[in-house]
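Q: Here's a sequence, model it:
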Amino acid sequence: NNSVFETPGSKVSYDVDNMFLSPLSVQFVCGMLGNLMEDQASLSKMLGFEGEGIERVNEYFRTLTGDLVKERSGSSLNLANAIMRDVKAPGFPEEFIESLKTFYYSDYFEFEAQSLEDQPVGERPEDLWVKDKTAGLMDSAPLPVLPEGYSLLNALCFKADWVDKFDPSNTSMSPFSDVKEVVGMVPMMRKTNKYPYFKNDDFRAVSIPMGEGAYYLTVILPSQDKPVKDIVKSLDSETWSKMRASLVSKELHLGIPKFNAEFTHNNLFGLLDEEFVKDYSNQIEKKLSEDFDNTIWFNVLAQKSLFKMDEDGATAAAVTQLGYYTSPGGDPDPIEVFNADHPFVYAISEAGSGLILFIGTYSGKGAAPYNPFE
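A: Numbers count the residues shown, from 1 in each chain. Next comes the predicted model:
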C-alpha cells in the first residue's frame, strides 16, 4: 500500500487458477535492482543469501547465466538483460551500468522515447529488443518506455523437445473437469511409458524429460477434491525439493492436454516478499525527499509470458520489466493412469539443480464446449 508502488488506476490482480510466469526472470530484475539500493539486506534474504551483500548476489546471477546458457542438443535457452532510458530521464549511475554489464551481461540503451501516439506499441526500441531476444515469440515489452521513463528488463526464452515424443494419432478430445463439473473438451496427448513419479494425499506428480534429459516438465495434479490454489500455496522450495528427491520411476498411462497460454501480469510487486518491498519503498522515499528530480525509482514490476505444449515438446518465454510508469489399492504396482483432466500445476525446471524456470496453472481455459451426448 506504499505510495511509491501506486500508479494511476493500478490494481494488483492475480488469478492463481490461470497463470503462467517465470519466477527466475523476476529474480533477475530484482538482482539488477539491488545495485541501486544502499542497503541490500532484505534483497539478499529474499534471494536466499541472508547476511551477504550485493557482491554475492551479482556473482550468483553471473554464474547462473553461464550455467544455463549452454549449447544443448534438443533444447535452447536464451537469457538477456537490458537497461533502457529516455534521454530526458534521470541518468543511471555509471557504477550501476558497469555492474549490470559485468554481472548480468546487460545491454544499455539511451534513446528519445516517443508518446504512444507518435510511436505505437510494436515499433518501439523496447519492443524490437523483446522480439529479438524471444526469437519473435513476443512482439512487445510488457510496458512502453515513455518520455522521461526508464526500465530494467529480463527476457527468458526456452524451447525443448520431449525425450520421447507423443504420437499425434493418439491425441483425442477428452473432457476436462474442475472440482465440480466438466468445463469443456481439450485435446489430450497420451503415451504409456516409465516416468519419474510421486504421490501423496494431496497430489500426484510426473516429470517428463525434455532436451535429452537436461530439463523436465513437471505436472502436479491435485487430488480430485483439492483446489489447485491450495497446491500453489503449499508449493514452497522445501516442498519442491522433497518432491524431487522422492520421485521414482513408474510406468504410467499418461494423458496431458495440448494447449497454449499467454498472460500479462501488470504488477508483480504484490507477489514479492513483503519485507523487501517495504524496505525498497522506504529507501526510495528517503531518496525522493532529498532529491526528487534526480532519483531513479521504479513503481511497476510487470511480466508477459507464454507457453505452448504439443506432441513434439514445449516452448516458453517471459519478459519481465521493472519500470517507472505514470500512465496507462489391489495390484501393488499396477500401470497407473495419470490423466491430467482437471486443473493442475506445471513447471519447467533444470534437471540437475531443480531450478524452476517457469511455473503455471491450467484450468481448462479455452476448452471446447462439452456435449455429454456426443
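Q: buried ones in the helix-or-strand element of the chain with minimal mean pLDDT?
A: In the chain, no helix or strand scores lower on mean pLDDT, DSSP states H and E than strand 336-339, which sits at a mean of 74. Buried residues in strand 336-339, defined by neighbour count with 16 or more other CB atoms under 10 Å: 336, 338-339. Just so you know, the C-beta spots here come from the backbone N, C-alpha and C atoms, and that holds for glycine as well.
Q: where does the stretch 51-200 of the chain dip in pLDDT?
A: Low-confidence regions of the stretch 51-200 of the chain, defined here as pLDDT under 70, do not occur.
Q: how about the strands in it?
A: Listed in chain order, the strands of the stretch 51-200 of the chain (DSSP state E, counting those that start in this stretch) span 75-86, 107-111, 150-161, 172-177, 182-199.
Q: which of those strands sits most buried?
A: Highest mean neighbour count of the strands of the stretch 51-200 of the chain: strand 150-161, a mean of 24 (counted as mean count of other CB atoms under 10 Å).
Q: Listing partners with orientation, what would you give for it?
A: strand 75-86 (antiparallel), strand 313-323 (antiparallel) (DSSP bridges).
Q: quick one: that strand to strand 107-111, angle?
A: Between strand 150-161 and strand 107-111, the angle comes out at 130 degrees (axes from the mean of the first three to the mean of the last three CA atoms, to 10 degrees).
Q: Only C-alpha atoms, please: export strand 150-161 in PDB.
A: Extracted in PDB, the C-alpha atoms of strand 150-161 (Å, rounded to 0.1, in the frame of the first residue of the first chain):
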ATOM      1  CA  TYR A 150      13.300   4.100 -17.900                       C
ATOM      2  CA  SER A 151      13.300   0.400 -17.400                       C
ATOM      3  CA  LEU A 152      15.200  -2.800 -16.400                       C
ATOM      4  CA  LEU A 153      14.300  -5.800 -18.500                       C
ATOM      5  CA  ASN A 154      14.900  -9.500 -18.500                       C
ATOM      6  CA  ALA A 155      14.000 -11.900 -21.300                       C
ATOM      7  CA  LEU A 156      13.900 -15.600 -20.900                       C
ATOM      8  CA  CYS A 157      13.100 -17.900 -23.900                       C
ATOM      9  CA  PHE A 158      13.000 -21.700 -23.800                       C
ATOM     10  CA  LYS A 159      12.300 -24.500 -26.300                       C
ATOM     11  CA  ALA A 160      12.800 -28.200 -25.900                       C
ATOM     12  CA  ASP A 161      11.700 -31.400 -27.400                       C
END
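Q: Determine how far that strand lies from the middle of the whole chain.
A: Chain-centre distance of strand 150-161: 9 Å, with CA atoms, centre = their mean, to the nearest Å.
Q: ok, back up a step: mean confidence for the helix or strand just after the least confident helix or strand of the chain?
A: Of the helices and strands lying after strand 336-339 in sequence (DSSP states H and E), the nearest is strand 344-350. The average pLDDT within strand 344-350 is 88.
Q: From N282, how far out is L306?
A: Going from L306 to N282 by CB to CB, to the nearest Å gives 35 Å.
Q: whoops, I mixed them up, K194
A: In this structure, K194 and N282 are 53 Å apart, going by CB to CB.
Q: F28 too?
A: F28 is 23 Å from N282, by CB to CB.
Q: who's more crowded, these two?
A: F28 (26 against 14; other CB atoms under 10 Å).
Q: in what helix or strand does the more buried one lie?
A: helix 23-34.
Q: the inter-axis angle of that helix versus strand 150-161?
A: 150 degrees.
Q: Quick one: the helices in the chain, in order.
A: 23-34, 41-46, 54-68, 94-103, 125-133, 228-234, 237-246, 274-290 (DSSP state H).
Q: looking at those, which is buried most?
A: helix 23-34 (a mean of 22).
Q: what angle sits between it and helix 274-290?
A: Interaxial angle, helix 23-34 versus helix 274-290 (the same axes, to 10 degrees): 30 degrees.
Q: How far off centre is helix 23-34?
A: Worked out by CA atoms, centre = their mean, helix 23-34 lies 11 Å from the chain centre.
Q: Tell me the helices and strands packed up against that helix.
A: helix 41-46, helix 54-68, strand 75-86, strand 150-161, strand 300-309, strand 313-323, strand 356-362 (3 or more CB pairs under 8 Å, 6 or more residues apart in numbering; DSSP states H and E).
Q: For the nearest residue to K133 once chain neighbours are set aside, list the residues it contacts.
A: The shortest distance from K133 to any non-neighbouring residue, by CB to CB, 6 or more residues apart in numbering, is to A155 (3.8 Å). When contacts are counted by CB atoms under 8 Å, 6 or more residues apart in numbering, A155 touches 25, 78-82, 129-130, 133-134, 317-319.
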